[in-house]
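*Asks:* predicted structure and sequence below. I'll ask about it afterward.
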Amino acid sequence: MTDQSVFVLGNDLQALEPAAFETEAEFQELLARHPRVLNFGSLADGRPLRLVLVAREMGVSTSVESSPAYWLDHLFVDADGVPTLVEVKRASDTRIRREVVGQMLDYAANGARYWPAALLQRSFEETCVGDGRLLEEAYGELLGDRSREEFWTTVEERLATGQMRLLFVADRIPLELRAIVEFLNRQMRQTDVYAVELTQYRGEGDLRVLVPRVHGEVATAAKLPSGRRTTQRTTRDDMDAVIRTRLAPETRRIATALLDHAAARGRPEGGTAKYPSMSVYYPVAGRQVPLWTLSLYDSPAKEELAFSFGSITHHLDLDATAAFAESLPAVPELQKKLEVQREKGYKGWPSVPLTALAAEPGAVEGILAAIQQLMESRGSSDSAG
């Protein structure tokens, strides 16, 4: 099948001929500046979808401590907090057939684990500044009645539960990729996968026409749209049920002490992942700052406490985060990760198994004392919000 011309009828008839994108960089820049060509579908309330750019070349790490190992071409988000991962390839790039699929799955799996809310918010705001866009204007398309922190927490939770869109964008989509996209869509219940063929036509001067064709919508139609899938948050009762039935006496004591302190002094918020988890915000310097997350993984069974250093640094400052890290108890497994964080500017999520805390007398008391010290040293009160 030969490529046909497109005709524009004005005072006269002008033919626009199919034209390839000269470079992949040109293709990527087009999508970053004009994400409307990728706006298909609707939000949960029926409004038209509008994608907003979070970052170009979004770094993807493969562990809490490591620097980015991969770079996603574009990360967008919509007003429902559903992230959209975009990988761009020209048809002339042979990787468009199979290799790009493996790349995208790497990005999705690791982004879901290592893109905390604070990192996403910082990336978005830096992108807005770099593009000369006012933050108030950019956020106006996203927030509704939510705060900025609440919105990015929602995005983080969507990632954790696999509620996202994966978009393969090319000037021509090969049949092999279409078949893979349709297969993935049938198998992945929470994630929507599309291939978008974006054909460019050029006329006289700077006249261009872009024609997007979306593949994968038929397979997606049998699923609820990403933004409409219901999620159920973990409750304290859910946490207590696992703690009571699965944990040994000493780790049970630690988990209970953490959750009791959270209920008394902080604001616990249940997670939406398949395993029970709870994050806790504490009032620090007039803000609600997320300090830690307790996760009770199912397979393999493991209980882990993670500190949200990236969020603490974002909300407070590097000195406050460093002081908090120094005040944490000297649990060997935790201290090794804190040393790595110190070198990397306290941007990660260092975690420690509850079994490691149980092996160190007074560890949980030391953690709670460090939290209290952070709250008091920053002049906060329990009523701050």
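*Replies:* Received it, and whenever you're ready, just let me know what you need. Here the structure is a predicted model, which means the values were calculated and not measured. Numbers count the residues shown, from 1 in each chain.
*Asks:* strands along the chain, start to end?
*Replies:* 6-9, 13-18, 52-60, 70-77, 83-89, 165-170, 192-202, 208-215, 267-270, 277-284, 287-297, 302-307, 351-353 (DSSP state E).
*Asks:* in stretch 201-210, which residues are buried?
*Replies:* 201, 203 (16 or more other Cβ atoms under 10 Å). Placement of C-beta: from N, CA and C, glycine included.
*Asks:* ok, residues contacting it?
*Replies:* Stretch 201-210 is contacted by residues 5-6, 8, 14-19, 30, 34, 37, 198-200, 211 when judged by Cβ atoms under 8 Å, 6 or more residues apart in numbering.
*Asks:* now those residues: which count as buried?
*Replies:* 6, 16, 18, 30, 198-200.
*Asks:* excluding chain neighbours, what is closest to residue 14?
*Replies:* residue 8 (4.8 Å; Cβ to Cβ, 6 or more residues apart in numbering).
*Asks:* quick one, what contacts the one you found?
*Replies:* Neighbours of residue 8 in contact, by Cβ under 8 Å, 6+ apart: 14, 16, 203, 207, 209.
*Asks:* kindly reformat the residues you listed as TSV containing pLDDT.
*Replies:* Output for the contacts of residue 8, formatted as TSV (pLDDT from 0 to 100):
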residue	pLDDT
14	73
16	78
203	74
207	77
209	80
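*Asks:* what is the nearest of the residues you listed to residue 180?
*Replies:* residue 209 (28.4 Å; Cβ to Cβ).
*Asks:* tell me the pLDDT at residue 325?
*Replies:* Note for residue 325: predicted pLDDT of 94.
*Asks:* ok so, going back, take the strands of the chain and write them to CSV, including distance to residue 144.
*Replies:* Shown next, in CSV, are the strands of the chain (distance: least, Cβ to Cβ, whole Å):
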stretch, distance to residue 144
strand 6-9, 39
strand 13-18, 40
strand 52-60, 13
strand 70-77, 13
strand 83-89, 17
strand 165-170, 20
strand 192-202, 22
strand 208-215, 27
strand 267-270, 18
strand 277-284, 20
strand 287-297, 18
strand 302-307, 29
strand 351-353, 32
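*Asks:* out of those strands, which gets the lowest mean score?
*Replies:* strand 6-9 (a mean of 73).
*Asks:* ok, residue 254 - contacts?
*Replies:* 354, 357-358, 363-364.
*Asks:* before we move on, back to that, please report how far the residue nearest to residue 14 lies from residue 295.
*Replies:* 56 Å (Cβ to Cβ, to the nearest Å).
*Asks:* so which of the contacts of residue 8 is the closest to residue 167?
*Replies:* Out of the contacts of residue 8, the member with the shortest distance to residue 167 (by Cβ to Cβ) is residue 209, at 20.7 Å.
*Asks:* quick check: beta-bridge partners of the closest one?
*Replies:* Counting by DSSP bridges, residue 209 forms beta bridges with residue 201.
*Asks:* that one and residue 20, how far apart?
*Replies:* 14 Å.
*Asks:* again, but for residue 158
*Replies:* From residue 158 to residue 20 the distance is 35 Å (Cβ to Cβ).
*Asks:* and the contacts of residue 254, which are buried?
*Replies:* Judged by 16+ other Cβ under 10 Å, buried ones among the contacts of residue 254: 354, 357-358, 363-364.
*Asks:* looking only at neighbour counts, state which of residue 158 and residue 20 leads.
*Replies:* Neighbours were counted for residue 158 and for residue 20 using other Cβ atoms under 10 Å; residue 158 has more, 23 against 15.
*Asks:* contacts only, for the more buried one.
*Replies:* Applying Cβ under 8 Å, 6+ apart, the residues contacting residue 158 are 81-83, 164, 226.
*Asks:* do that again at 6 Å, thanks
*Replies:* The contact partners of residue 158, by Cβ atoms under 6 Å, 6 or more residues apart in numbering, come to 81-82.
*Asks:* ok, now residue 159?
*Replies:* Taking Cβ under 6 Å, 6+ apart as the test, what residue 159 contacts is 83, 112.
*Asks:* and it, what pLDDT?
*Replies:* On the pLDDT scale, residue 159 gets 87.
*Asks:* quick check, nearest of the contacts of residue 8 to residue 51?
*Replies:* Relative to residue 51, and with distances defined as Cβ to Cβ, the nearest of the contacts of residue 8 is residue 209, at 20.5 Å.
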